[in-house]
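Asks: Take this sequence and fold it.
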Amino acid sequence: MYNIYVRIVGVKNMAETKDLLNELFVDLFQHILNLEEKDLQKRGVDLTISEVHVLDAVKTTHPPTMTNIANDLMITIGSCTTAIKKLEAKGYVQREKQEKDGRIVYVYLNEKAEDALRVHYKYHSDMVDNIINELSDEEEQALYRAISKIIKYFNL
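Replies: Modelled structure (predicted):
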């Protein structure tokens, strides 16, 4: 990844810049996920980063039904069911059918899941703190503006 940064400093044209930025985005995203997964495992969380993101979706989706969770994660209900079943088997969540309509299934986090999410949120907080501490105020504002534009592009 460092080699890409060194190469981007000497970029001569827009096509080369675009190619290198693409590499940076892909490598950075994958690197962050890999580092976080290793950190989770080091701290005793027996989950993949994808599983942690499912737990996060369960926590932030209201109401936390299988359908709503799948929609928030932008995955199929079948994929969501598979993920939730694995998390249930590992003891992180419990499923509960609605009494009036058994087709509606709610998912609830247990304390083990809350503990894993605390580790996840701390990792993100520490990551942002460490990045910001290395930036000047102007660089911090430029980074914020650039990321805001990226988010706008992806309609997040």
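Asks: can we go C-alpha only for contacts and neighbour counts from here?
Replies: Fine.
Asks: In which helix or strand does the residue nearest the centre of the chain reside?
Replies: The centroid of the chain falls nearest to residue 53 when counting by C-alpha atoms, centre = their mean (5.4 Å). Using DSSP states H and E, residue 53 sits within helix 49-60.
Asks: Helix or strand, whichever it is, which one in this structure has the lowest mean pLDDT?
Replies: Within the chain, no helix or strand scores below helix 2-9, which has a mean of 54 by mean pLDDT, DSSP states H and E.
Asks: immediately after that helix, which helix or strand?
Replies: Counting by DSSP H and E, what follows helix 2-9 is helix 14-42.
Asks: For the residue nearest to the centre of the chain, give its distance to residue 70.
Replies: 12 Å (C-alpha to C-alpha, to the nearest Å).
Asks: any low-confidence regions in this protein?
Replies: Along the chain, the parts satisfying pLDDT under 70 run over 1-12, 156.
Asks: Quickly list the domain ranges of it.
Replies: 1-42, 43-153 (automatic domain parsing).
Asks: Can you tell me which of those domains is packed in deepest?
Replies: domain 43-153 (a mean of 15; mean count of other C-alpha atoms under 10 Å).
Asks: first to last residue in it, what's the distance?
Replies: 35 Å.
Asks: Any idea how far that domain is from the middle of the chain?
Replies: 7 Å (C-alpha atoms, centre = their mean, to the nearest Å).
Asks: what sits up against stretch 137-151?
Replies: residue 132 (C-alpha atoms under 8 Å, 6 or more residues apart in numbering).
Asks: my bad, should have said stretch 85-100
Replies: 51, 84, 103-113.
Asks: Dump the C-alpha coordinates for that stretch into PDB.
Replies: This file holds the C-alpha atoms of stretch 85-100, laid out as PDB (Å, rounded to 0.1, in the frame of the first residue of the first chain):
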ATOM      1  CA  LYS A  85     -28.300 -18.600  12.400                       C
ATOM      2  CA  LYS A  86     -24.500 -18.700  12.700                       C
ATOM      3  CA  LEU A  87     -24.600 -15.800  15.200                       C
ATOM      4  CA  GLU A  88     -27.400 -17.600  17.100                       C
ATOM      5  CA  ALA A  89     -25.300 -20.800  17.200                       C
ATOM      6  CA  LYS A  90     -22.300 -18.800  18.500                       C
ATOM      7  CA  GLY A  91     -24.500 -17.300  21.300                       C
ATOM      8  CA  TYR A  92     -24.600 -13.700  20.100                       C
ATOM      9  CA  VAL A  93     -28.300 -13.300  19.100                       C
ATOM     10  CA  GLN A  94     -31.700 -14.800  19.700                       C
ATOM     11  CA  ARG A  95     -34.600 -14.900  17.200                       C
ATOM     12  CA  GLU A  96     -38.200 -14.600  18.200                       C
ATOM     13  CA  LYS A  97     -41.200 -15.000  16.000                       C
ATOM     14  CA  GLN A  98     -44.000 -12.400  16.300                       C
ATOM     15  CA  GLU A  99     -47.000 -14.000  18.000                       C
ATOM     16  CA  LYS A 100     -49.600 -12.500  15.600                       C
END
